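Undergrad: when you get a sec, could you give me coordinates for this:
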Amino acid sequence: MNRAHSGRTSPAMPKRFAFALALAALALAACNSNYNPYGTVTPIPSPTATTYSPNPNISSAVVEVTVSSQPAAGALVSEATPDPNGNLSTAAPIAQATTGPNGQVTFSSLTPGQVYCWWYNFSPTVQSSNCTKYWQGNIVYLGN
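TA: Take a look at the predicted model:
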């Protein structure tokens, strides 16, 4: 029996090596194709700037004073507008009021959009203050 020469000059590639080579090629292709095994990824949109528009119908603010995280009843709270540089000036309060049993007090007749400052003196040397134009519909917190 005479066998014909197949023309092959090198030995056949082992099946294990061929399988490993194919697996490596697949892995390389997956890495370069932005493949994500967890599905598609949606980018998080960047925040957009919003403009503040005060409500012309709200002209009062609620201020809450706490001491050691507890409501401070009977606390004298002062109110003022900031000086031209935007700093709190405690020299001449435009209003003062005392908190009720829940540690809160309401200041009325405020101008929407205006920055107001409120402060409470815990002692002659310790003060809590808050200056904000976002007092409409929010509680202004003072204390610790």
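Undergrad: quick one, grab the pLDDT at the most centrally placed residue in the chain.
TA: Centroid-nearest residue in the chain: residue 47, 10.7 Å away (criterion: C-alpha atoms, centre = their mean). Per-residue pLDDT puts residue 47 at 71.
Undergrad: poorly predicted segments of the chain, please.
TA: Counting by pLDDT under 70, the chain contains low-confidence ranges at 1-13, 17-43, 46, 49-50.
Undergrad: what are the boundaries of the helices in it?
TA: Per DSSP state H, the chain has helices spanning 15-31. These are given in chain order.
Undergrad: how about the strands of it, start to end?
TA: Listed in chain order, the strands of the chain (DSSP state E) span residues 61-67, 70-71, 76-80, 95-98, 104-107, 116-121, 127-132, 139-143.
Undergrad: so which of these comes closest to residue 55?
TA: Judged by C-beta to C-beta, the one of the strands of the chain that comes nearest to residue 55 is strand 61-67, at 12.1 Å. (Each C-beta comes from the backbone N, C-alpha and C, glycine too.)
Undergrad: which of the residues in the closest one are buried?
TA: Of the residues in strand 61-67, those buried by neighbour count under the rule 16 or more other C-beta atoms under 10 Å are 61, 63-67.
Undergrad: just these now: which is nearest residue 105?
TA: Nearest to residue 105 out of the buried residues of strand 61-67 is residue 63 (C-beta to C-beta; 5.4 Å).
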